[in-house]
Every structure is written in structure tokens, then in C-alpha cells.
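K.L.:
pasting the structure only:
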């Protein structure tokens, strides 16, 4: 009897890094989970539902994300990475002073092209106000990080002589964050809502007229 032979393992394609398939699969899972969480809500969604939507077994899903809490955190972190890349492209520094607020207008405009991600944020944020929710720490960190970036930008504007000395910095910071979150809710709730980026641009322009120099 001739010796049994086995087919050689297929060679990895040129330029295809080891682990590329795993990385791509992970990104697919995050994108699908974001859609499911935004449509059904985090608490109402099971890992088996996410796995089914991904076209894989629950065991396969937990190979990448052991628990639903871990998966949610990864989805939210990925969302923040995408937003950061819009405000500060790789290799570029954060826009300085008032230019940072202008970059937030661009971010709002970008978010209008991805309603699923906006819906995910608003859905999870509403649930995460509960201190016991697994995303509560993320929500507080998200708002704290945004507030710190706004304070830094306004401090730069002051250093450049482009912010009034009596500007209510903390009120501006809280108002900008509230406007971004609130406009998203209005935009999602009303299909006839016009351009939320333009609405936000009006707010930034008004702040510059009132407190800019």
C-alpha cells in the first residue's frame, strides 16, 4: 500500500500578515455587535444573538470576547477610536484652540453618515447612567475625556489671546457636550430633522462671537 500523503498547508499570501484573518474577524464581530446592541439594547441582547448575527457559534464568539461585558467595552472603545481618528488623523496633533471645536463640527458631520453607531451611543448611554451598568465607567470616562480636551483647547485659545478673560469655561465645556449628545437624540428621533452638524456649527460660531477674541 502506498504511504498516505497529506496536502501541504496553503501558503500565506504575499503581504498578508500572520493573524490578519483573526483581526478582520474581530473587526467584523465588533461592527455586527454594534448593530445588534443599537437595535435591541445591551441588556436585551444575548451573546447567542450576537453570535447568530455574526454567523458563528457562541463558542466561537467567546473565543474572541469571553463575556458580553467584554464585548460591549470593545465595541465602545472602537467607537471612540473611530471618533478620535476623525478629530485627529494618525500622525497629526490635536487641533489647537478654537480649531478643536471646529473639528468637533466635522465629527458631528461624519456621525451623520453612520446612524447605527450614533444609535448605539445613545442607546447604551441611556442605559449606562445606572451606576451598576457595565458601560457606566466607559460613559463617565468618555465625558471626562471630552471635557478635558475642551478645557485644554480653551486654555490654548486663552494663551493665544483668542478667549475672553471672563469666559465661563466650565459652562462652555458642559454646554458643548450636552449639545453634541442632545442633537444626536433629536436627529435619531425625527427622520425629518435637518443637518445636526449645521446646528452644532451655529453653536460653535455663537460661542466664538460671545467669548472669542
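P.N.:
On my side now, so go ahead. None of these values were measured; they are calculated from a predicted model.
K.L.:
what sits closest to the residue sitting nearest the centre point of the chain if chain neighbours are left out?
P.N.:
What sits nearest the mean C-alpha location of the chain, by CA atoms, centre = their mean, is residue 79, with 2.6 Å. Distance criterion CB to CB, 6 or more residues apart in numbering; nearest residue to residue 79, sequence neighbours excluded, is residue 117 at 5.9 Å. Yep, even glycine has a C-beta here, placed from its N, CA and C like the rest.
K.L.:
please tell me how far that neighbour sits from residue 21.
P.N.:
24 Å (CB to CB, to the nearest Å).
K.L.:
who has more neighbours, these two?
P.N.:
residue 117 (20 against 11; other CB atoms under 10 Å).
K.L.:
surely the residue nearest to residue 79 touches residue 34?
P.N.:
Yes - using CB atoms under 8 Å, residue 117 is in contact with residue 34, at 6.3 Å.
K.L.:
so which bits of the helix ranked longest in the chain are buried?
P.N.:
If you go by DSSP state H, the chain has its longest helix at helix 136-159. Using 16 or more other CB atoms under 10 Å as the test for burial, helix 136-159 gives 138, 139, 142, 143, 146, 149, 150, 153, 154, 156, 157, 158.
K.L.:
which ones are touching the fourth one?
P.N.:
The neighbourhood of residue 143, defined by CB atoms under 8 Å, 6 or more residues apart in numbering, consists of residue 177.
K.L.:
mind doing that once more with 10 Å?
P.N.:
By CB atoms under 10 Å, 6 or more residues apart in numbering, residue 143 lies in contact with 125, 173, 174, 177, 178, 181.
K.L.:
now it: how far from residue 59?
P.N.:
Residue 143 is 36 Å from residue 59, by CB to CB.
K.L.:
low-confidence stretches in this structure?
P.N.:
1-20, 89-90 (pLDDT under 70).
K.L.:
go with 90
P.N.:
Residue ranges of the chain with pLDDT under 90: 1-23, 34-35, 37-44, 73, 76-94, 113-121, 123-124, 126-127, 133-135, 191-194.
K.L.:
show me the helices in it, by range?
P.N.:
Counting by DSSP H, the helices of the chain are 20-40, 47-54, 58-64, 68-87, 98-111, 115-128, 136-159, 169-189, 196-211.
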